[in-house]
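> with the input below, show me the fold.
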Amino acid sequence: MRANLNTLRAMLFLVAALVFSASWAGVKNQDATPAYAEEQTMLQIEADSVVPDPGMTSSASGRVHMDRHYLGQYGSKEGNVIVQRGGNTWRHLRNGPLATIAGFILLAVPLAIFVFYRTIGPANQVAEAGRKMQRFNRWERQVHWATAFSFIALGITGIVIMYGKNIMLPWMGHNLFSWVAIVSKYLHNFVGPLFILCSILMFFTFLKRNFYNRADWQWVKKGGGIVSHKHVPAGFFNAGEKTWFWGGVALLGLVMSVTGLVLDFAVGQTRYVMQVANVLHVGAAAVYMAAAMGHAYIGTWGTPGAYEAMRYGTVDENWAKAHHQLWYEQMKTGVPPGMDQDGKMVPGRDVPGQGGRPQPGPAH
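The predicted model follows:
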């Protein structure tokens with residue numbers, strides 16, 4: 001109990017520290033208009049000079065000039081833009097609100113999971129039948145773990161890139177941190193394309209089993225039994241797992257992949273495009289990591305017996321019947337109760353847990 005209390009205090013301290021990260025990353029004169037004091041100074045010098053119009057804010061000047069975003073209106077050479085006002089806006093957004101919100105999410109979610117585990121607790125342990133059922137084959141497990149490990153590497157290195165200067169540099173010193181930052185940067189850049197490849201493989205590997213059906217709505221209405229600890233009938237994947245597939249692996253994975261490629265292969269990209277890509281990349285990555293934490297918890301401590309499925313490929317029959325009853329019945333009888341061969345609900349058939357009578361399976 002004492003150890004748990006100390007852990008909770010440590011996590012609260014980290015959350016509080018990160019909330020004030022905007023003050024670590026804040027830029028002086030951030031309230032100046034149009035962006036920062038140095039821009040105003042340059043514009044004032046130009047205004048006081050004898051140089052006739054057009055000035056630095058005009059592309060007709062033939063000189064270096066200022067631009068809010070640079071979308072190509074000044075020709076093919078972005079090097080002509082020496083001061084990009086949008087860059088100052090991006091820097092303030094990235095180092096201020098974005099860093100604070102993302103960091104808060106990454107610390108608040110594991111804290112919330114810990115509190116949930118201590119108060120609500122994991123799913124009820126299911127007595128084993130002693131008979132195993134195949135759930136995932138070797139290819140499915142390999143694709144899953146390759147995606148998971150590549151993302152863990154990206155998550156760790158991304159945190160170093162995002163927060164290292166403020167959190168690690170003060171106690172590491174410049175020499176050591178410079179090596180940590182360089183290694184993190186190159187590892188992040190090289191592992192990124194590998195993660196994209198793994199995500200594509202995982203999408204097509206598990207796509208067929210992740211289409212929603214009417215049984216998923218019943219699962220959603222009962223909250224998956226996560227709080228009540230009551231087992232809700234589900235197919236091979238329940239509604240929560242399908243939501244993680246479409247919202248996390250597919251949608252957030254796509255946003256991270258596209259923006260990551262823009263940042264990784266920056267040749268021909270304007271600064272404005274890269275700044276937008278960076279904001280979307282950081283935001284999507286933070287939400288993905290938070291959701292992945294929940295996925296990892298439910299797949300391990302939160303649901304006893306679930307880890308065995310992805311580790312060894314098999315689960316106990318009683319576990320399958322308790323957590324994925326529709327899939328269990330389909331494996332035993334060929335057709336899940338209340339559904340047809342394509343996994344669609346059929347009116348008139350009884351579905352366990354929905355007020356109907358369970359269809360009997362073969363004797364064991």
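
> please, where are all the strands along the protein?
Using DSSP state E, the strands of the chain run over residues 65-67, 81-84, 132-134, 314-316.

> from E308, how far out is A286?
Distance from A286 to E308, counting by C-beta to C-beta, to the nearest Å: 30 Å. C-beta coordinates here come from the backbone N, C-alpha and C atoms, glycine included.

> buried ones in stretch 264-272?
Judged by neighbour count (16 or more other C-beta atoms under 10 Å), stretch 264-272 contains these buried residues: T270, R271, Y272.

> correct me, but the second one touches R91?
I take that to be R271. No - with contact defined as C-beta atoms under 8 Å, R271 does not count as touching R91 (11.2 Å).

> give the contact list for D216.
A234, G235, N238, A239, K242 (C-beta atoms under 8 Å, 6 or more residues apart in numbering).

> hang on, the earlier thing: list just the nearest of the buried residues of stretch 264-272 to W327.
Nearest to W327 among the buried residues of stretch 264-272: Y272, at 48.5 Å, using C-beta to C-beta.

> could you pick out the longest helix of this structure?
Assignment by DSSP state H gives helix 174-206 as the longest helix of the chain.

> by contact count, what packs against that helix?
In terms of contacts (3 or more C-beta pairs under 8 Å, 6 or more residues apart in numbering; DSSP states H and E), helix 174-206 is packed against helix 138-167, helix 253-264.

> ok, and the helix or strand in the chain with the lowest average confidence?
Among the helices and strands of the chain, helix 21-25 carries the lowest confidence by mean pLDDT, DSSP states H and E, at a mean of 37.

> low pLDDT regions in the stretch 1-150 of the chain?
Within the stretch 1-150 of the chain, the ranges that satisfy pLDDT under 70 run 1-86.

> mind checking how far Q330 is from E241?
Taking C-beta to C-beta, one finds Q330 at 16 Å from E241.

> between those two, point out the one with more neighbours.
Using other C-beta atoms under 10 Å, the more surrounded residue of Q330 and E241 is E241, with 21 against 18.

> who's more crowded, A286 and E308?
Taking other C-beta under 10 Å, A286 and E308 do not tie; A286 has more neighbours (24 against 15).

> show the contacting residues for the more buried one.
By C-beta under 8 Å, 6+ apart, the contact list for A286 reads I101, A102, I105, L106.

> neighbours of the first one, how many?
Using other C-beta under 10 Å, I101 is surrounded by 17 other residues.

> and the gap between it and V282?
For I101, the distance to V282 equals 10 Å [C-beta to C-beta].

> could you do the last one as well?
The span separating L106 from V282 equals 11 Å under the rule C-beta to C-beta.

> also the second one?
Distance check for A102 against V282: by C-beta to C-beta, it reads 6 Å.

> so which of these two has more stuff around it?
The residue with more neighbours, out of A102 and V282, is A102; 24 against 21, by other C-beta under 10 Å.

> excluding residues flanking it in the chain, which one is nearest the more buried one?
By the measure of C-beta to C-beta, 6 or more residues apart in numbering, the closest residue to A102 outside its immediate chain neighbours is A286, 3.8 Å from it.

> what ranges in the stretch 251-364 of the chain fall below the confidence cut-off?
In the predicted model, the stretch 251-364 of the chain carries pLDDT under 70 at residues 335-364.

> ok, residues contacting stretch 117-130?
Stretch 117-130 has contacts (C-beta under 8 Å, 6+ apart) with 4, 225-227, 229, 231, 297, 301-305, 316-319, 322-323, 364.

> just the buried ones out of those residues, please.
Buried residues within the contacts of stretch 117-130, defined by neighbour count using 16+ other C-beta under 10 Å: 225-226, 231, 297, 302-303, 305, 316-319, 322-323.

> tell me which two of these sit farthest apart.
Spatial extent of the buried ones among the contacts of stretch 117-130 (C-beta to C-beta) is set by the pair Y297 and E317 at 24.6 Å.

> how far away is L111 from A290?
For L111 relative to A290 (C-beta to C-beta), the value is 11 Å.

> of those two, which one has the most company?
A side-by-side neighbour count of L111 and A290, using other C-beta under 10 Å, places A290 first with 20 against 15.

> measure the closest residue to that one other than its chain neighbours to T333 for me?
Among residues not flanking A290 along the chain, V109 sits closest, at 4.3 Å (C-beta to C-beta, 6+ apart). Using C-beta to C-beta, V109 is found at 40 Å from T333.

> neighbours of the residue nearest to V191 when sequence neighbours are not counted, how many?
Spatial nearest neighbour of V191, chain neighbours left out: A153 (4.9 Å); criterion: C-beta to C-beta, 6+ apart. A153: 18 surrounding residues under other C-beta under 10 Å.

> ok, now how distant is N124 from F204?
Computed with C-beta to C-beta, the distance linking N124 and F204 is 34 Å.

> so which of the two has more stuff around it?
Neighbour tally, N124 and F204, criterion other C-beta under 10 Å: the higher count belongs to N124, 13 against 10.

> any chance of the backbone angles for the more buried one?
Taking degrees, to the nearest 10, you get phi -60, psi 140 for the backbone angles of N124.

> same check on the one 4 residues further on?
Main-chain torsions, E128, degrees, to the nearest 10: phi -80, psi 140.

> how about V126?
According to degrees, to the nearest 10, V126 has phi -100, psi 130.

> could you do the one 10 residues further on as well?
In terms of degrees, to the nearest 10, the main-chain angles of F136 are phi -130, psi 140.
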